[in-house]
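Q: Generate a structure from the sequence data that follows.
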Amino acid sequence: MEITEVRVKLTGPNKNRLQAFCSITIDNDFVVRDLKIIEGQNGAFVAMPSRKLADRCPKCRGKNHLRAQYCSDCGVRLAEKRFLVSGAKVRLYADTAHPVNTKCRELIQHKVLTAFKEELEKSTQPGYKPPKMEYLEDIEYYEAEYPEEKREGRLGEGLLP
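A: Here you go, the predicted structure:
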């Protein structure tokens, strides 16, 4: 398997752990979108695309994410902490795509974090224009208008292992 393209869209200079959205192309044939670069306690890591887990309303059978307090269809109050299972680790999200072995995960992590570092470096240059990622255009992300002093200091602060 070869990762033939990585696109990185930086998020704004905020205090959020989410650093960027990414997409990867595998063997020039297959695209995986909505990978996220998140700043963790041990540096940046790549989070795979995921969806919120849901359950059904006992009254109308409508789907609701596990932390919802009210049904989005009928408005009935839902049981509190229904996502907690005795002693089990709480899962609120499920990956929609993920590597099946460590070698593949490490390859993706290396390629994406390298592209992320390169995009961070480019973003400090005058006239920087963020890359186009059509599926993200409806959401406000990193804009070239951010003053350079806001961008300084992000590069190299524990972003790569």
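Q: how far out from the middle of the chain is stretch 49-58?
A: 18 Å (C-alpha atoms, centre = their mean, to the nearest Å).
Q: same thing with stretch 20-40?
A: 9 Å.
Q: in it, what's buried?
A: Neighbour-count burial for stretch 20-40 flags 20-24, 32, 34-37, 39 (criterion: 16 or more other C-beta atoms under 10 Å). Where C-beta positions appear, they are placed from N, C-alpha and C, glycine not excepted.
Q: Between the two ends of it, what distance do you get?
A: 13 Å (C-alpha to C-alpha, to the nearest Å).
Q: pLDDT of it, averaged?
A: On average, the pLDDT along stretch 20-40 is 94.
Q: mind listing the strands in this structure by residue range?
A: Assigned by DSSP state E, the strands in the chain fall at 3-10, 18-26, 30-40, 43-47, 50-52, 54-56, 63-65, 93-95.
Q: so which of those strands gets nearest residue 121?
A: strand 3-10 (11.1 Å; C-beta to C-beta).
Q: Point out the other elements, helices or strands, that that closest one touches.
A: Packing partners of strand 3-10 (3 or more C-beta pairs under 8 Å, 6 or more residues apart in numbering; DSSP states H and E): strand 18-26, helix 102-123.
Q: Quick one: mean pLDDT for it?
A: Mean pLDDT, computed over strand 3-10, is 94.
Q: center of the protein - which residue?
A: By C-alpha atoms, centre = their mean, the chain has its centre lying nearest to residue 36, at 2.4 Å.
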